[in-house]
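> The sequence and its predicted three-dimensional model are supplied below.
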Amino acid sequence: MIPMRDGKRLSAYVFFPKGVESGQKFPAIFEQRYADISSAGSRRNAAKFAEGGFVIALVNYRGTHESEGVYRGYRGLQWGPLRDGYDVCEWLATQPWCSGKVGTCGGSQAGYAQNYLAVTQPPHLVAQYMTDTGLSLFHEGYRIGGATKPQRFIRGGSVARDIKDNDDLLKEWDAHPDYDAYWRDEDASLHFDKMNLPCFTIGSWFDFMVQGSVASFIGRDKKGGENSRGKQQLILGPWLHGGYPKSNKIGDLVFPENAQFDVYAHMAKWFSHFLKGEDNGAEKEVPVRYYVMGAVGENGAPGNVWREAKDWPPHTRSTPYFLHGDGKLALDASSATPDAPARLARDADRNTGFQPVRQAGFQPAPGGSTSYASDPLKPMSLPFTGFPGARDARPFEEQSEVRTWTTDVLRDPVEWTGEVTAEVWVSSTARDTDFILRVSDVYPDGRSILLMDYPQRARYRAGFERQHLLTPGEPAKLAWHIGFTSIIFNRGHRIRVTIASTGAPFYEPNNQTGGQQTVDWMKTTQPAINTIWHDAAHPSRIIAPVMREK
């Protein structure tokens, strides 16, 4: 048990390398979680990592499992009166078996913990290593695109020593439905200037939290302290959330073996340099490495290669793909061929330099709107607990209240590398509803391989600080982030956009009444007819980062 400043103690498993018994000192690395640290797998991996000459500590958050204190989510880890990460770091550094140099590791919940810890600047913290991380619990946890998952957080209370702590926490969250001072108090993205140490960050294409990994890298690299700027590294690969090592077998796809990444081996190299002083070149590696995905199982398909860069994101052409009434996804009515971005990019490079694609004279295809039903009590089915990336999305796309827009067959490969966003005009017979937008790579055999998706709650279309309910039947514009990727859509493939308003249990339904968003808000619901507009006055589109040809 590790003592905190308020007298409470946190449960920890500590693993030692050989040599401690003879008085040798070693650097320490710790990971903080609310999840169980006592599983056989966690202990086995930590013990193996310790063999590399590190003391490894797995620590449970305050109030979870065997750790003492009141469970309040991540609140005890931050820069308030309780600074549990800081206290763990300094306790480890002062133990007789520690060299005084400390690092941190871990992903997801442990990634958040590391960003919070970096802000508090413990004197003995030297370097960090984050996987699939986050910065703001409002934007990347409590809400995603404004949409909530109350049942998920009710189930999440199982980690608390006292379930009442979780009940109280959910009531606290109910009192702060918008992004207000309460949530800014635990938004690490507001404090990059206080982060001042090297960090290696891993992001996964098939994970919505890749946004947190990208933002952490950029924020620390551009806005961090002197020991942070220019000392960040980022790797982005074709992986799902979590998991070590990062495998090449993802969902329904098997990428080439070059897609694998041995996290423990690289982490040992990173910390051997920063915590032990080994001259192994870890700090000299290129700042950004990203995997450009290609078609799997197609001989000669472009992609499935690693690229290196000095920064992220790379320079690309923001290219809109418009939704049409006939279910087509196209550049516009006059150049509605899906490979036109690459063709127009070549023309622009030859004639006017690297300039945005002109959209003057846009005229959508016939059919001004597409509607479907949205009933919170009869949601469409997404029977997953995690994002079903790299899987065939047709079982969802073929459901009755789901709509798709698909390009024609590509005549030439098209590369997207960077952030995908959407601008969609919508209306509803309800005052509030959700819109879930998905992007997939449609193979010649019909498989629709899911690349990304992201929801947007209509009431937060003007920002998360205030709610703006819909006027029933009146079109409103929603603009939101969908995801990051790097992929070359091969010739013969098609690109698909899918929109729905429900997909349970993965996305918990909006009750659509426009009322208060509380844990028990499904006691009252309202069915609705939702409409996607795509006429001349309301051009709905996704905006893709099309890579210019070199």
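Arrived safely.

> What residues are bridge-paired with the closest residue to E285 other than its chain neighbours?
In space, and not counting its chain neighbours, E285 is closest to Q233: 6.2 Å by CB to CB, 6 or more residues apart in numbering. Where C-beta positions appear, they are placed from N, C-alpha and C, glycine not excepted. Note on Q233: beta-bridge partners F200, judged by DSSP bridges.

> Would you map the strands across the stretch 451-550 of the chain?
Secondary structure of the stretch 451-550 of the chain (DSSP state E, counting those that start in this stretch): strands located at 476-489, 494-500, 504-505, 528-533, 541-546.

> got those strands as JSON lines, with mean neighbour count and distance to A127 columns?
Putting the strands of the stretch 451-550 of the chain into JSON lines (neighbours: other CB atoms under 10 Å; distance: least, CB to CB, whole Å) gives the following:
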{"stretch": "strand 476-489", "mean neighbour count": "21", "distance to A127": "25"}
{"stretch": "strand 494-500", "mean neighbour count": "23", "distance to A127": "40"}
{"stretch": "strand 504-505", "mean neighbour count": "15", "distance to A127": "39"}
{"stretch": "strand 528-533", "mean neighbour count": "22", "distance to A127": "47"}
{"stretch": "strand 541-546", "mean neighbour count": "22", "distance to A127": "31"}
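
> residue ranges for the helices of this protein, please.
40-50, 84-93, 109-120, 137, 150-156, 163-174, 181-184, 210-223, 263-276, 340-351, 394-397 (DSSP state H).

> so which of these is the most packed in?
Ranked by mean neighbour count, these are led by helix 109-120 with a mean of 26 (mean count of other CB atoms under 10 Å).

> Output the contacting helices and strands for that one.
strand 26-33, helix 84-93, strand 98-107, strand 125-131, helix 210-223 (3 or more CB pairs under 8 Å, 6 or more residues apart in numbering; DSSP states H and E).

> residues making contact with it?
Residues outside helix 109-120 that contact it (CB atoms under 8 Å, 6 or more residues apart in numbering) are 31-35, 61, 74, 77-79, 83, 85-86, 89, 104-106, 125, 128, 130-135, 137, 141, 186, 188, 191, 194-197, 199, 209, 212-213, 216, 220.

> Provide the angle between the direction of it and the direction of helix 84-93.
80 degrees (axes from the mean of the first three to the mean of the last three CA atoms, to 10 degrees).

> circling back: distance to L377 added to the helices of the chain, as a markdown table?
Below are these laid out as a markdown table (distance: least, CB to CB, whole Å):
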| stretch | distance to L377 |
| --- | --- |
| helix 40-50 | 39 |
| helix 84-93 | 42 |
| helix 109-120 | 32 |
| helix 137 | 29 |
| helix 150-156 | 15 |
| helix 163-174 | 22 |
| helix 181-184 | 30 |
| helix 210-223 | 31 |
| helix 263-276 | 43 |
| helix 340-351 | 41 |
| helix 394-397 | 19 |
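
> which of those has the lowest average pLDDT?
For the helices of the chain, mean pLDDT drops lowest on helix 340-351, to a mean of 41.

> Pipe the helices and strands packed on helix 109-120 into TSV and attach distance to E51 per row.
Shown next, in TSV, are the helices and strands packed on helix 109-120 (distance: least, CB to CB, whole Å):
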stretch	distance to E51
strand 26-33	11
helix 84-93	18
strand 98-107	15
strand 125-131	17
helix 210-223	28
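
> wait, which of these is closest to W312?
helix 210-223 (6.6 Å; CB to CB).

> Output the closest one as CSV, nothing but the C-alphas.
Provided in CSV are the C-alpha atoms of helix 210-223 (Å, rounded to 0.1, in the frame of the first residue of the first chain):
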residue,chain,number,x,y,z
VAL,A,210,-6.9,8.2,-31.5
GLN,A,211,-8.0,11.8,-31.3
GLY,A,212,-6.6,11.9,-27.8
SER,A,213,-3.3,10.4,-28.9
VAL,A,214,-3.0,12.9,-31.7
ALA,A,215,-4.0,15.9,-29.6
SER,A,216,-1.6,14.8,-26.8
PHE,A,217,1.3,14.6,-29.2
ILE,A,218,0.6,17.9,-30.9
GLY,A,219,-0.2,19.8,-27.7
ARG,A,220,3.0,18.6,-25.9
ASP,A,221,5.1,19.1,-28.9
LYS,A,222,3.9,22.6,-29.8
LYS,A,223,2.8,24.1,-26.4
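
> now the angle between helix 109-120 and it, please.
Relative orientation of helix 210-223 versus helix 109-120 (the same axes, to 10 degrees): 20 degrees.

> Helix 210-223 vs strand 476-489, what angle?
90 degrees.

> What is the end-to-end distance of stretch 423-435?
End-to-end distance for stretch 423-435, by CA to CA, to the nearest Å: 12 Å.

> Okay, domains of this protein per the record?
For the chain, the structural domains run 2-241, 317-546, going by automatic domain parsing.

> wait, which of these is closest to P302?
With CB to CB as the criterion, P302 lies closest to domain 317-546 of the domains of the chain, at 4.8 Å.

> so how far is the closest one off the chain centroid?
Put simply, domain 317-546 sits 18 Å off its chain's centre (CA atoms, centre = their mean, to the nearest Å).

> For that domain, measure first residue to last.
Using CA to CA, one end of domain 317-546 lies 5 Å from the other.

> how close does L253 sit to A40?
Going from L253 to A40 by CB to CB, to the nearest Å gives 29 Å.

> Find the nearest non-adjacent residue to the spatially most central residue of the chain, please.
Nearest to the geometric centre of the chain sits M209, at 1.2 Å (CA atoms, centre = their mean). The shortest distance from M209 to any non-neighbouring residue, by CB to CB, 6+ apart, is to D132 (5.0 Å).

> Now do the contacts for the one you found.
Per CB under 8 Å, 6+ apart, neighbours of D132: 107-108, 111, 202-204, 207, 209-210, 212-213, 241-242.

> any low-confidence regions in the stretch 301-450 of the chain?
The model of the stretch 301-450 of the chain has pLDDT under 70 over residues 333-367.

> where does the residue nearest to the centre of the chain fall, phi/psi-wise?
Per-residue torsions, M209: phi -80, psi 0 (degrees, to the nearest 10).

> hang on, isn't it packed against G134?
Yes: with contact defined as CB atoms under 8 Å, M209 counts as touching G134 (5.7 Å).

> quick one on the thing from earlier: could you give the number of residues near the residue nearest to E285?
Q233 has 21 neighbours, counted by other CB atoms under 10 Å.

> circling back: what's the closest of the helices of the chain to Y290?
Closest among the helices of the chain, once you apply CB to CB, is helix 210-223, at 10.2 Å.

> For that closest one, name the packing helices and strands.
Helix 210-223 sits against helix 109-120, strand 125-131, strand 199-206, strand 232-240, strand 476-489, with contacts defined as 3+ CB pairs under 8 Å, 6+ apart.

> Residues in contact with it: which ones?
The contact list for helix 210-223 (CB under 8 Å, 6+ apart) reads 111, 115, 118, 130-135, 140, 189, 192-193, 195, 199, 201-204, 228-234, 236, 287-288, 311-313, 481, 483-484.

> Distance-wise, check A28 relative to R541.
In terms of CB to CB, A28 sits 51 Å off from R541.

> partners of D434 in the sheet?
Beta bridges link D434 to R457, judged by DSSP bridges.

> Quick check: it touching G503?
No: contact status for D434 versus G503: not in contact, 9.1 Å apart, counting by CB under 8 Å.

> can you redo the domains of the chain as TSV with distance to N248?
TSV is the format used below for the domains of the chain (distance: least, CB to CB, whole Å):
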stretch	distance to N248
domain 2-241	8
domain 317-546	11
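
> quick one, what contacts R83?
By CB under 8 Å, 6+ apart, the contact set of R83 is 5, 76-77, 120.

> I'd like those as CSV, with distance to M293 appended.
Formatted as CSV, those follow (distance: CB to CB, whole Å):
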residue, distance to M293
R5, 47
G76, 39
L77, 34
T120, 37
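
> Alright, I will stop here.
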